[in-house]
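Undergrad: give the three-dimensional model of this entry:
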Amino acid sequence: MAQLIVLGVADRDTAEKALDIASELGKQELLRLEDAAYAYKDDKGRPRIHQTFHLTGYGAAGGALWGTLIGMLFLNPLLGLVVGAGTGAIAGKLSDVGIDDDMIRQIGSELEQDRAAVFLLADDATIDRVVDAFKPLHPTVIQTNLSKDNERELVEALRS
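TA: Sure thing, here's the model as predicted:
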């Protein structure tokens, strides 16, 4: 089961550092992310969201491949490429997988100015190593889908 953890951090720069740490942990196979994002408030107090996984590009690439193959069957691969890429990009843009965008917006709108929230949806993690990697950022746990006992352990581990 995927685990969602939302961490409150000091600011947008710290949120970007958290995503860099998560990426590095992924390369070390200590954290397998399905999705990640962060939210913050801009200078005008509007919530902003930064997603790390963009399906539009993947959809366009896949659509272009399939469009070209289908276009070759009808002796017009260029038209198939264009139609396939456009259709794939639209499908990727409309697809919503991973972390619920409405939840990100809601938490982002509740943030105090100059604070940020990091959203991590992980399929698998080496918990002790992941917690140790995030400790220097002094995050607070905002929300999880962990059991109450596991959430309490996580909060205590991040504080120590």
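Undergrad: give me the below-cutoff pLDDT ranges for this protein.
TA: Counting by pLDDT under 70, the chain contains low-confidence ranges at 1, 53-98.
Undergrad: again, 90 this time
TA: 1-6, 31-35, 41-114, 121-131, 141-160 (pLDDT under 90).
Undergrad: now do the strands in it.
TA: Taking DSSP state E, the strands of the chain run over residues 3-9, 31-41, 47-51, 116-125, 140-144.
Undergrad: adjacent strands (with direction) for the fourth one?
TA: I take that to be strand 116-125. Its sheet considered, strand 116-125 pairs with strand 3-9 (antiparallel), strand 31-41 (antiparallel) by DSSP bridges.
Undergrad: adding distance to Gln106, write these out as CSV.
TA: Any C-beta I mention is one placed from the backbone N, CA and C, and that applies to glycine too. Formatted as CSV, these follow (distance: least, CB to CB, whole Å):
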stretch, distance to Gln106
strand 3-9, 11
strand 31-41, 9
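Undergrad: which residue, other than its chain neighbours, is closest to the residue nearest to the spatial centre of the chain?
TA: Geometric centre of the chain, nearest residue: Ala36, 1.7 Å, by CA atoms, centre = their mean. Nearest residue to Ala36, sequence neighbours excluded (CB to CB, 6 or more residues apart in numbering): Thr52, at 4.5 Å.
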